[in-house]
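**Student:** model the following, please.
(chains A and B)
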Number of protein chains: 2
Amino acid sequence: MSKSMVPSQITVTIDKIPHFKWRERVQQKKNSIGFQKMRKLEVVSPVPADIDIANSVEPLHVSQIAKELNLSPAHYDLYGKYKAKVLLPVIDELQGREDGYYVVVGGITPTPLGEGKSTTTVGLCQALGAFLDKKVVTCLRQPSQGPTFGIKGGAAGGGYSQVIPMDEFNLHLTGDIHAITAANNLLAAAIDTRIFHESTQSDKALFNRLCPADKEGKRKFSDIMFRRLKKLGITSTKPEDLTPEEVTKFARLDLDPASITWRRVMDVNDRFLRKISVGQGPDEKGMVRETAFDISVASEIMAVLALTTSLADMRERLGKMVVGNSKAGDPVTADDLGLGGALTVLMKDAINPTLMQTLEGTPVFVHAGPFANIAHGNSSIIADKIALKLVGPGGFVITEAGFGSDIGTEKFMNIKCRYSGLKPQCAIIVATIRALKMHGGGPQVVAGRPLDHAYITENVALVEAGCVNLARHISNTKAYGVNVVVAVNMFSTDTEAEINAVRSASLAAGAFDAVLCTHHAHGGKGAVDLGIAVQKACENVTQPLKFLYPLDFSIKEKIEAIARSYGASGVDYSEQAEKQIEMYTKQGFSGLPICMAKTQYSFSDNASAKGAPSGFVLPIRDVRGSIGAGFIYPLVGTMSTMPGLPTRPCFYDIDLDTATGRVIGLS
Amino acid sequence: MSKSMVPSQITVTIDKIPHFKWRERVQQKKNSIGFQKMRKLEVVSPVPADIDIANSVEPLHVSQIAKELNLSPAHYDLYGKYKAKVLLPVIDELQGREDGYYVVVGGITPTPLGEGKSTTTVGLCQALGAFLDKKVVTCLRQPSQGPTFGIKGGAAGGGYSQVIPMDEFNLHLTGDIHAITAANNLLAAAIDTRIFHESTQSDKALFNRLCPADKEGKRKFSDIMFRRLKKLGITSTKPEDLTPEEVTKFARLDLDPASITWRRVMDVNDRFLRKISVGQGPDEKGMVRETAFDISVASEIMAVLALTTSLADMRERLGKMVVGNSKAGDPVTADDLGLGGALTVLMKDAINPTLMQTLEGTPVFVHAGPFANIAHGNSSIIADKIALKLVGPGGFVITEAGFGSDIGTEKFMNIKCRYSGLKPQCAIIVATIRALKMHGGGPQVVAGRPLDHAYITENVALVEAGCVNLARHISNTKAYGVNVVVAVNMFSTDTEAEINAVRSASLAAGAFDAVLCTHHAHGGKGAVDLGIAVQKACENVTQPLKFLYPLDFSIKEKIEAIARSYGASGVDYSEQAEKQIEMYTKQGFSGLPICMAKTQYSFSDNASAKGAPSGFVLPIRDVRGSIGAGFIYPLVGTMSTMPGLPTRPCFYDIDLDTATGRVIGLS
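**Tutor:** Numbers count the residues shown, from 1 in each chain, chains lettered A, B, ... in the order given. The predicted structure follows:
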């Protein structure tokens, strides 16, 4: 899970914010031009609970949000009053239009509390749209429903920088994750059932069932079968023309049960599904197999949704997903199982991004939410592409990347931008004084425990020491050819001296600018400086996009390029990793980009190595592939892909006011 | 699964239909008054494939369908262009309005091919709305997505009597089943996790985690905890006031793992989940448990959705669902686990019925689809209630009940109407010559195999003999105080003599009327006679609704009343059934209605006993409860609650035309 947490206790009011020099640029405009119907936010101090703020604002009808983006009702499907799916053909319609500026939001290496990346993303857009007269679209990931009922609660931003309605954002949304669950599990069911049927039928019987005779006794291949025939190099187009050997090759996938990587998924925190045995019923005749459930957002289909660029492209990616190998070592795909088309049908509405709004009425696309370790942790290419056309030249699309920039931004550049062909002008790095102090040697930060004294009193030395972490994020990000703006997500306990230390260190490390933000307490008004800095950064970009590695590097060369950017002096491959790299290379998948599955709590593999560790050897324990989505993912550590519930989950507080229909207790 | 099949080979055209005397009443009106914007259907012979018919008609925007029902945009939420959720407050708004006529569609004991109950339901509504100027709403169940990709294909009716868009009807719809899956599985995750946490924590630690101290060190109960406190008879309202014994009682649910009846669900045909072991991961410390997945529509939450009458009622039912017993034998509920509120939140949109349309533009509510054996197999009370107000006096609500009337209609009357307080005026029994021949002693009918000669050539004697089955369905149904109309769903091979035999037998058995229908081949035009008969039946009802048994009968007395209606001479209870009946009686649940889980292929427990068997002893193997939904269900046989996929599932043919976005190959 990669949802950002927000500071829970900001009690400063805007009048009490110290007037640092670099804050003086603020020019608040009273009336917006870009979005005429922006909502005026009345902020209260201390900041109320997220749900109370969210409920205090009546959202605009989403058709009004759409209208501000020049979308007509034919361009979208409504899902209730506050959500709409913007339809894919909009891209074609706007093809000739120039894109707006493209800004990615990353962060420094976070504490377990999160440093407010989503909140900053939303706050910045509220500033650009509601205060700086810019066309702007926020592009966010859809959160998993699991954690909403577990520990973390919702993920719609926080304070006065939120996406609303908050309950609709966090629950079901427009059904995309449910569609992924359905598609993922249909494929899983097809795998086990196919192995079962192959074990009980002769080649001939299997073939005859796959190509049943019609009333005239004629057999034919269905369209999807021609994909497998082609893969096998069989040129006959009629079932009766196949040789017995070809019949066997075609009909028998001969999946090696031990090689199956495809697992079932569920959008619930259910730790008891982390390791299970299936097929224990008497009708399955002893074909018991050990497997597991992941949480739905860990499904490869989620990564496909995030990386696809069109219906036709999605159809191909879904069909190419590899579920395991044949006993001869050949990859078996969803298309081999006859499923690429049906999976596409299940995902046909999910491909359209969902339009929502911020507290200040600026438009938000919520679309796709892949894991940020075993997947690339970025929202969808499609949403960004549509948004860039909709805001047009001079407008802004602000998209968030999961975890710290070593993970989220790196994958944004080397995987997402590689597939989209888009080039960002600016990358934001969100930092907090709290996290920098931790990197400077402050005591451990543990979720649920009170913060150490060091974090709530001035300690400039700790901050300065911690800036090595920020500096490496800056230089790594800058290397892509973008301008880097540091956003300091301010807490009430932060002091001027501490914040000035961050600014100095940022500029010294090559940042284009470093800006203080109070959007949690003040909404867009608190991120106006950031908005201005981002605009300048975008207008002054001079370099082309430079990837960290070319695709024609070997798998190991690519891994090593990324490892170097972490500060590693070398890479150590386990025997299993070596075997897998050899296999993927042999199978022809070595040209895919690399998606490192590494802890977000350190540049290194060791979560407790804070700051900017270097000279370590990065261990690669295993290497896996999401072939359909389009990347190879080396496992640096063991990644949990199914969260659990605590003794007292959030759901104890969640209820429906049955008189008003309003959700209560969602945090 | 209880989806009706439709005859696949009707090639007769309307001009070729023999002019039976009882067909002469047909009066086709050229212009509709009730629904001004009805679509004129152009029928082709032979009848094309369902998907081709569905795709040949451009659906009306659903707001137009809503407008015809006098619904304003505030009354519904759009889900795209062709689906809308009609919002629950409509019921309150229309409270003073008189209901329309209420008609339930059941059937005779079917062949494995199905006798066209859904198709007849849709065709009748097309007749009433598009040809007879009546306000009419069709109320259908939402089909499971599992079989859509398995053997059966879709369930939107067939031929020229269908709900459109057919792909949207069969896939995702407005997410209700996905919401049920999410809610069901959150509860399942909470059960296993709670047992795990209780096993590793002291009473005190457990209690302190359930009621954590806030910043001032104060503990408090969340709202939902007061439900458990009340159930336990604990009157203290502050955690610190509980005695140590009360702390233990409150915090320790002490679930007996062997007693857990709650299973996980998935809307996929996945036979390998019929029996599984969970908790095999190292972190779960050996707490392995054998359990299973059901298909989602078998979830008790689906039955709750179908039987609830308001948000507040749904909240109570969800909280009262029993998941198992404590080791002391007390029922443990979703509210005991702290989940009744969160489940309601997950189901808050699902409670609103989905509005769609037929091929001829008449309105359809699709809402809930509980199993017809382990649950009551009827669509939702809420949809029927809203529809009855919307059509108003003189209008018609046609609702379908699953399986033959021994199962579907019986449960419609004794469970659904008991909870809704609604009274139907007319019950339709759909019959086919094919099924009647089978009951008369014809050869076995097997899905996928060609029909025996007996079924496609005239054989009046077989039909006459088979009418004993129809006659018992008629007399059983008539006993509820409704008028019974028999609808003969005509096949091209049926002859006038055969059909006249059915009519005579129907009238002799007490039917109000018996009518020939050709709606599969002709749309509403082919069911105009049926519409006229139904109208007369509704206008001429004389009796009050009479249930088969009063609720204050014992569980056994209720079971025996139903068994007698099947023709049984007695009931034989297994030891396990006796034990369960005793337990439910002791737990205070004996006042619930009974939902028999029996084969649909015979009045008896023996699927091969066709016709009207009598004198048999009905075996009850086990007795279970859906306490939240509100019924006890005795198991007459073993019921499969998770279908499987065949060697060549339908999904081989299903794909998306990526150029047009259109679904192809869905049948």
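**Student:** spatially nearest residue to residue A:649, not counting backbone neighbours?
**Tutor:** Once flanking residues are discounted, residue A:649 sits nearest to residue A:150: 5.3 Å by Cβ to Cβ, 6 or more residues apart in numbering or on different chains. (C-beta placed from N, C-alpha, C; glycine too.)
**Student:** look at the one you found and report its pLDDT.
**Tutor:** Residue A:150 is assigned a pLDDT of 88 by the prediction.
**Student:** got a list of what it touches?
**Tutor:** A:269, A:643, A:644, A:645, A:646, A:649, A:650 (Cβ atoms under 8 Å, 6 or more residues apart in numbering or on different chains).
**Student:** which strand residues bridge the single nearest residue of the stretch 551-667 of chain A relative to chain B?
**Tutor:** Of all residues in the stretch 551-667 of chain A, residue A:655 sits closest to chain B, with a separation of 2.9 Å (Cβ to the nearest Cβ). According to DSSP bridges, the residues that bridge with residue A:655 are residue A:664.
**Student:** correct me, but it touches residue A:666?
**Tutor:** No - between residue A:655 and residue A:666 no contact is recorded; they are 9.5 Å apart, counting by Cβ atoms under 8 Å.
**Student:** what do these two both touch?
**Tutor:** Shared contacts of residue A:655 and residue A:666, defined by Cβ under 8 Å, 6+ apart, are found at residue B:345.
**Student:** how about the nearest residue to the residue of the stretch 301-450 of chain A found nearest chain B, chain neighbours excluded?
**Tutor:** Of all residues in the stretch 301-450 of chain A, the one sitting closest to chain B is residue A:341 (2.9 Å; Cβ to the nearest Cβ). Nearest non-adjacent residue to residue A:341, counting by Cβ to Cβ, 6+ apart: residue B:655, 2.9 Å away.
**Student:** show me what contacts that neighbour?
**Tutor:** Residue B:655 makes contacts with A:223, A:224, A:315, A:340, A:341, A:342, A:344, A:345, B:663, B:664, B:665, as judged by Cβ under 8 Å, 6+ apart.
**Student:** likewise residue A:86?
**Tutor:** Taking Cβ under 8 Å, 6+ apart, we find residue A:86 in contact with A:66, A:71, A:75, A:76, A:352, A:353, A:354, A:355, A:365, A:386.
**Student:** beta partners of it?
**Tutor:** residue A:76.
**Student:** from residue A:70, how far out is it?
**Tutor:** Counting by Cβ to Cβ, to the nearest Å, the separation of residue A:86 from residue A:70 is 12 Å.
**Student:** residue A:623 now?
**Tutor:** Distance from residue A:623 to residue A:70, counting by Cβ to Cβ: 46 Å.
**Student:** looking at the two, which one has more neighbours?
**Tutor:** Neighbour totals were compared for residue A:623 and residue A:70, and residue A:623 leads with 25 against 11 (other Cβ atoms under 10 Å in any protein chain shown).
**Student:** dihedrals phi and psi, that one?
**Tutor:** For residue A:623, the backbone dihedrals are phi -130, psi 130 (criterion: degrees, to the nearest 10).
**Student:** so how far is residue B:174 from it?
**Tutor:** Counting by Cβ to Cβ, the gap from residue A:623 to residue B:174 is 41 Å.
**Student:** try residue A:610
**Tutor:** Residue A:610 is 48 Å from residue B:174, where distance means Cβ to Cβ.
**Student:** repeat that for residue A:641.
**Tutor:** Computed with Cβ to Cβ, the distance linking residue A:641 and residue B:174 is 29 Å.
**Student:** neighbour-wise, which of those two wins?
**Tutor:** More crowded of residue A:641 and residue B:174, by other Cβ under 10 Å: residue B:174, with 29 against 21.
**Student:** now do the same contact list for the more buried one.
**Tutor:** Applying Cβ under 8 Å, 6+ apart, the residues contacting residue B:174 are B:79, B:83, B:85, B:349, B:354.
**Student:** and what of residue A:106?
**Tutor:** Shown here is residue A:106, whose contacts under the criterion Cβ under 8 Å, 6+ apart are A:117, A:401, A:404-405, A:408-409, A:412, A:427-430, A:473, A:477.
**Student:** likewise for residue A:404?
**Tutor:** A:106, A:107, A:108, A:109, A:110, A:473, A:600.
**Student:** what helix or strand is the nearest residue to the second one once chain neighbours are set aside on?
**Tutor:** If I follow you right, that is residue A:107. Distances taken as Cβ to Cβ, 6+ apart place residue A:430 nearest to residue A:107, at 4.3 Å, with adjacent residues excluded. Counting by DSSP states H and E, the element that carries residue A:430 is strand A:426-431.
**Student:** who touches that strand?
**Tutor:** Strand A:426-431 is contacted by residues A:101-108, A:115-117, A:120, A:124, A:405, A:409, A:470, A:473-474, A:477, A:480, A:482-489, A:502, A:511-512, A:530, A:534, A:537-538, A:541 when judged by Cβ under 8 Å, 6+ apart.
**Student:** what's the first helix or strand after that strand?
**Tutor:** helix A:433-439.
**Student:** just the CA atoms of that next one, as CSV, please.
**Tutor:** The C-alpha trace of helix A:433-439 is given here as CSV (Å, rounded to 0.1, in the frame of the first residue of the first chain):
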residue,chain,number,x,y,z
ILE,A,433,11.1,18.6,8.7
ARG,A,434,10.0,15.5,10.6
ALA,A,435,11.4,13.1,8.0
LEU,A,436,14.6,15.1,7.5
LYS,A,437,15.3,15.0,11.2
MET,A,438,14.8,11.2,11.0
HIS,A,439,17.4,11.1,8.2
